[in-house]
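S.K.: kindly return the folded structure for what I paste below:
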Amino acid sequence: MDKKFYLNVFPPIILGVIIYVFFRDYKPKLINFFFDLINLKVSTINHITGNKYFDYWFIYSLPDGLWAYSLTYFIAYLNIDASLKNKIIWIFITYLLIIFQELFQGSILNGTFDPHDMIIINVGFILALVVIKNQKEMENEFFK
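M.R.: Residues are numbered from 1 along each chain as shown. Next comes the predicted model:
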């Protein structure tokens, strides 16, 4: 695994966790458990710009898009040299996992379904595929 892999998988996840930790009132149970374990109290910042629409998007939708991007890039990268059939299968499974994670919020999973999240999730998914495709094409051009 090269530098591109690490730069496209870990920073989006880390940024998403930072947003959860410092900007959301409700934090996932795992984060609360970790904070309780180390006896850490973190005050929540409820705004960034003062623009309630941007702040809402940044705090509640962006982490989902970052997670979708990171997971999609991870799966696509691992299957970059696989057969076309295997690539399609793994990308399809990844997409279903990402979409179902949002669709089942409020029923099976904790959270609330938000159509804005669905848009951002799809943007993150597509962006990861575009990035990895462009990286592969650049490598092919360079080594011709």
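
S.K.: lowest-pLDDT helix or strand in this structure?
M.R.: Ranking every helix and strand in the chain by mean pLDDT, DSSP states H and E puts helix 29-37 at the bottom, with a mean of 67.

S.K.: what residues of stretch 53-65 count as buried?
M.R.: For stretch 53-65, burial by neighbour count (16 or more other C-beta atoms under 10 Å) applies to 55, 57, 58, 59, 60, 61, 62, 63, 64, 65. Where C-beta positions appear, they are placed from N, C-alpha and C, glycine not excepted.

S.K.: on that earlier part again, next structured bit after the least confident helix or strand of the chain?
M.R.: Remark: after helix 29-37, the chain's next helix or strand is helix 52-56, criterion DSSP states H and E.

S.K.: distance from the chain centre to that following helix, please.
M.R.: Relative to its chain's centre, helix 52-56 lies at 19 Å (C-alpha atoms, centre = their mean, to the nearest Å).

S.K.: equivalent analysis for stretch 81-95, please.
M.R.: The answer for stretch 81-95 is 19 Å, by C-alpha atoms, centre = their mean.

S.K.: let me know the average pLDDT across it.
M.R.: pLDDT averaged over stretch 81-95 equals 92, rounded to a whole number.

S.K.: re the thing from before, from the buried residues of stretch 53-65, which land in helices?
M.R.: 55, 62, 63, 64, 65 (DSSP state H).

S.K.: of those residues, which is the nearest to residue 7?
M.R.: If you rank these by distance to residue 7 using C-beta to C-beta, residue 65 comes first, at 16.9 Å.

S.K.: report the contact partners of the closest one.
M.R.: 117, 120, 121, 123, 124 (C-beta atoms under 8 Å, 6 or more residues apart in numbering).

S.K.: JSON lines for these, including pLDDT, neighbour count and secondary structure?
M.R.: Output for the contacts of residue 65, formatted as JSON lines (pLDDT from 0 to 100; neighbours: other C-beta atoms under 10 Å; DSSP: H, G, I helix; E, B strand; the rest coil):
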{"residue": "117", "pLDDT": "91", "neighbour count": "23", "secondary structure": "helix"}
{"residue": "120", "pLDDT": "95", "neighbour count": "23", "secondary structure": "helix"}
{"residue": "121", "pLDDT": "96", "neighbour count": "24", "secondary structure": "helix"}
{"residue": "123", "pLDDT": "97", "neighbour count": "15", "secondary structure": "helix"}
{"residue": "124", "pLDDT": "96", "neighbour count": "25", "secondary structure": "helix"}
